[in-house]
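Participant: Give me a model of this one.
(2 chains)
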2 protein chains.
Amino acid sequence: MAANIYDVIMLFGDSITQAAWTTGGFGAVLTNMYSRKLDVLNRGLAGYNTCWAIPVLEQCLATLQGQQHVPKIRMLVVWFGANDACIKPSPQHVPLPNFIENLKHMVWLVHSPESPYYSPSTKIILVTPPPVNTHQWGGNLASRDPPLALDREFETTRAYAKGVIEAAVVSKVSVVDVWTAIWKAAGEEEVALSKYLSDGLHLTPDGYTVMYEALMQTIQMEHPELHYDNLLYAFPRWDEIDWANPRPSVQKGA
Amino acid sequence: MAANIYDVIMLFGDSITQAAWTTGGFGAVLTNMYSRKLDVLNRGLAGYNTCWAIPVLEQCLATLQGQQHVPKIRMLVVWFGANDACIKPSPQHVPLPNFIENLKHMVWLVHSPESPYYSPSTKIILVTPPPVNTHQWGGNLASRDPPLALDREFETTRAYAKGVIEAAVVSKVSVVDVWTAIWKAAGEEEVALSKYLSDGLHLTPDGYTVMYEALMQTIQMEHPELHYDNLLYAFPRWDEIDWANPRPSVQKGA
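Facilitator: Presented below is the predicted three-dimensional model:
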């Protein structure tokens, strides 16, 4: 069985999080940069909206009674909206006010003393969905057999991105505005988004790089104690070991 | 705090494991392929030999008393030898018989009913170190300030690779022979190893790909129940959720 060695960064989101360990994905980059300091956990769920994700999040968090046995979540990155912003009659659609309430409820689950999952030391970062390139995504859906109608709109996803920022402000947690970062990187031109979106919805390695850099900037500015440069190795560097009597010097945090 | 959701694959080794989440690294690829099925944990320790690693492994394994609270290690991948094979007077050098005994002891820690970390259901896979390209690695060391003498030899690392196979056979666990796989991929020419080794010692993305494919072949042949194709999602696909009443259907393993 795996003993608890490192505290964790939990990445909770939809397919864009689930795929974050593909080439250039921000999950893989974080795992590498935080190696020997924090574990990075993939809690991505392709296709999920925030309504379906809330009962999963409850299962991913330990209750107060269970917290002594499990790793501490130092940072929880919550990244939804790409599916909630589907337009009707998509079953993935969540009305914007409900979406905002769902995000606030996720923060409540971790930050409210009344929650059974209360963990005040966990830093939460909400992330806005990327912009949609409806030309790419519409072509993708139209090419399927049978062809599907466009289920997402540029302006709708933009509104959901603003909803994430609203939820973060009200809940007093950090926000990484990936929507704006990618939109600016594309020169505010929808067709130019194809550099950052593989199919108009999911991210390319370049898209993940924009996300990673925005996330690290937020960590540096708002939670510098969680920047990898400010965390120590749990076990010593090999040239710090007492080679004549190694065992005491390789105890965790020795 | 992070509740236990997925069982784990633990990658335990030296710098070649620690760096396995860089681009093309086998840790990142495993994390992606096993998403929503198993967590993949980075337990790599750059520069470590097996003598220093044993007391760390003891800390990474839960004792029998602690096992009920922590995730099950379904697969433990143990990859050492690149540092143990350093030649004297390197402090990283471990004599070949001791190296083999250390690997056998690591297996004992998990598979012996007399070990406090006994976990018979954990599948162990030992991995041989990659071949050394002494032309590349010697040039790397010579270019440092001050220049360093060559500390690894082609034939010595080959002997340690054979030692890993011996330890696996005696301990009755699986082995992935990365040494031979990369050597064959390079046409059995030392200078051609530069396609698979970035500096003569560490792996390029191509080197990691050879390792990943050899590992998955071993899993498919010897532990097919642990192949990602044979594991279920812990949480349902989004189109399997009962949209009218989602909560019961997204309970883990529902």
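Participant: CA only for contacts and neighbour counts going forward, please
Facilitator: Noted.
Participant: residues contacting residue A:94?
Facilitator: Residues near residue A:94 by Cα atoms under 8 Å, 6 or more residues apart in numbering or on different chains: A:49, A:50, A:51, A:84, A:85, A:86.
Participant: redo that, cut-off 10 Å
Facilitator: Counting by Cα atoms under 10 Å, 6 or more residues apart in numbering or on different chains, residue A:94 touches A:49, A:50, A:51, A:81, A:83, A:84, A:85, A:86, A:87, A:88, A:100, A:102.
Participant: Check residue A:7 too.
Facilitator: A:37, A:38, A:39, A:40, A:70, A:71, A:72, A:73, A:74, A:75, B:1, B:2.
Participant: Mind listing the residues bridging to it?
Facilitator: For residue A:7, the beta-bridge partners are residue A:38 (DSSP bridges).
Participant: helix, strand or coil for residue A:55?
Facilitator: At residue A:55, secondary structure determined by DSSP: H, G, I helix; E, B strand; the rest coil is helix.
Participant: mind checking pLDDT for residue A:219?
Facilitator: Residue A:219 carries a pLDDT score of 98 in this model.
Participant: closest point of the stretch 101-250 of chain A to chain B, which residue?
Facilitator: Nearest to chain B in the stretch 101-250 of chain A, going by Cα to the nearest Cα, is residue A:238, at a distance of 5.4 Å.
Participant: do you know how far residue A:87 is from chain B?
Facilitator: In this structure, residue A:87 and chain B are 16 Å apart, going by Cα to the nearest Cα, to the nearest Å.
Participant: Quick check, that residue in contact with residue A:81.
Facilitator: No. Taking contacts as Cα atoms under 10 Å, residue A:87 lies outside contact range of residue A:81: 11.8 Å.
Participant: what does the stretch 101-250 of chain A have sitting close to chain B?
Facilitator: Neighbours of chain B within the stretch 101-250 of chain A, by Cα under 10 Å from any Cα of the partner chain: A:110, A:117-119, A:121-122, A:233, A:235-239, A:241-250.
Participant: where along chain A do the helices fall?
Facilitator: Ranges of helices in chain A, per DSSP state H, are A:15-18, A:26-33, A:50-60, A:96-111, A:134-142, A:154-171, A:178-185, A:205-222, A:246-249.
Participant: circling back to that earlier point, where does confidence bottom out across the contacts of residue A:7?
Facilitator: Note: of these, the lowest pLDDT belongs to residue B:1, at 55.
Participant: low pLDDT regions in chain A?
Facilitator: Within chain A, the ranges that satisfy pLDDT under 70 run A:1, A:254.
Participant: And residue A:87 and residue A:81? Which one has more around it.
Facilitator: residue A:81 (30 against 18; other Cα atoms under 10 Å in any protein chain shown).
Participant: Against residue A:29, how distant is the closest residue to the more buried one other than its chain neighbours?
Facilitator: Nearest residue to residue A:81, sequence neighbours excluded (Cα to Cα, 6 or more residues apart in numbering or on different chains): residue A:129, at 5.3 Å. Residue A:129 is 19 Å from residue A:29, where distance means Cα to Cα, to the nearest Å.
Participant: neighbour-wise, which of those two wins?
Facilitator: Each of residue A:129 and residue A:29 has its neighbours counted (other Cα under 10 Å); residue A:129 has more, 29 against 23.
Participant: mind checking how far that one is from residue A:75?
Facilitator: Applying Cα to Cα, the value for residue A:129 to residue A:75 is 19 Å.
Participant: try residue A:192
Facilitator: Distance from residue A:192 to residue A:75, by Cα to Cα: 32 Å.
Participant: Kindly report the same for residue A:102.
Facilitator: As judged by Cα to Cα, residue A:102 and residue A:75 stand 19 Å apart.
Participant: who's in contact with residue A:132?
Facilitator: Applying Cα under 10 Å, 6+ apart, one finds that residue A:132 lies in contact with A:82, A:138, A:152-158, A:179, A:183, A:190-191, A:193-194, A:197, A:199-202.
Participant: brain fart, residue A:252
Facilitator: By Cα under 10 Å, 6+ apart, the neighbours of residue A:252 are A:5, A:6, A:233, A:234, A:235, A:236, B:55, B:56, B:59, B:60.
Participant: Same check on residue A:218?
Facilitator: Contacts for residue A:218 (Cα under 10 Å, 6+ apart) come out as A:125, A:174, A:175, A:176, A:177, A:212, A:224, A:227.
Participant: Is it possible to get JSON lines of those that adds distance to residue A:218 and neighbour count?
Facilitator: Formatted as JSON lines, the contacts of residue A:218 follow (distance: Cα to Cα, whole Å; neighbours: other Cα atoms under 10 Å in any protein chain shown):
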{"residue": "A:125", "distance to residue A:218": "9", "neighbour count": "21"}
{"residue": "A:174", "distance to residue A:218": "8", "neighbour count": "21"}
{"residue": "A:175", "distance to residue A:218": "8", "neighbour count": "24"}
{"residue": "A:176", "distance to residue A:218": "7", "neighbour count": "27"}
{"residue": "A:177", "distance to residue A:218": "10", "neighbour count": "21"}
{"residue": "A:212", "distance to residue A:218": "10", "neighbour count": "20"}
{"residue": "A:224", "distance to residue A:218": "9", "neighbour count": "15"}
{"residue": "A:227", "distance to residue A:218": "10", "neighbour count": "17"}
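Participant: so of those, which ones are in strands?
Facilitator: A:125, A:174, A:175, A:176 (DSSP state E).
Participant: Using TSV, lay out those residues together with distance to residue A:96.
Facilitator: Listed next are those as TSV, based on distance: Cα to Cα, whole Å:
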residue	distance to residue A:96
A:125	19
A:174	20
A:175	18
A:176	19
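Participant: Among the residues you listed, which one lies nearest to residue A:142?
Facilitator: Distance to residue A:142, by Cα to Cα, is smallest for residue A:176 among these, at 31.8 Å.
Participant: So the closest one sits against residue A:222, correct?
Facilitator: No. Counting by Cα under 10 Å, residue A:222 is not a contact partner of residue A:176; they are 11.0 Å apart.
Participant: intersection of neighbour lists for these two?
Facilitator: By Cα under 10 Å, 6+ apart, the residues touching both residue A:176 and residue A:222 are residue A:216.
Participant: how many neighbours does residue A:68 have?
Facilitator: 12.
Participant: list the contacts for residue A:179?
Facilitator: A:127, A:128, A:129, A:130, A:131, A:132, A:157, A:158, A:160, A:161, A:162, A:211 are the contacts of residue A:179 under Cα under 10 Å, 6+ apart.
Participant: Now tabulate the residues you listed in TSV and tack on distance to residue A:168.
Facilitator: Shown next, in TSV, are the contacts of residue A:179 (distance: Cα to Cα, whole Å):
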residue	distance to residue A:168
A:127	9
A:128	10
A:129	14
A:130	16
A:131	19
A:132	21
A:157	17
A:158	16
A:160	12
A:161	11
A:162	10
A:211	17
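Participant: Please indicate which of these has the highest neighbour count?
Facilitator: Using other Cα under 10 Å as the neighbour test, these are led by residue A:130, with 31 neighbours.
Participant: Nearest spatial neighbour of that residue, chain-adjacent residues omitted?
Facilitator: In space, residue A:130 is closest to residue A:179, 4.3 Å off (Cα to Cα, 6+ apart).
Participant: And residue A:124, by the same measure?
Facilitator: Leaving aside its sequence neighbours, residue A:124 sits nearest to residue A:76 (Cα to Cα, 6+ apart; 4.8 Å).
Participant: Assess the claim that that neighbour and residue A:123 are in contact.
Facilitator: Yes. If you go by Cα under 10 Å, residue A:76 and residue A:123 touch, sitting 6.2 Å apart.
Participant: Mind listing the shared neighbours of the two?
Facilitator: Listed as contacting both residue A:76 and residue A:123 by Cα under 10 Å, 6+ apart are A:9, A:107, A:110.
Participant: How about the last one: what's its closest non-neighbour residue?
Facilitator: I take that to be residue A:110. Closest residue in space to residue A:110, ignoring its immediate chain neighbours: residue A:118 at 4.8 Å, by Cα to Cα, 6+ apart.
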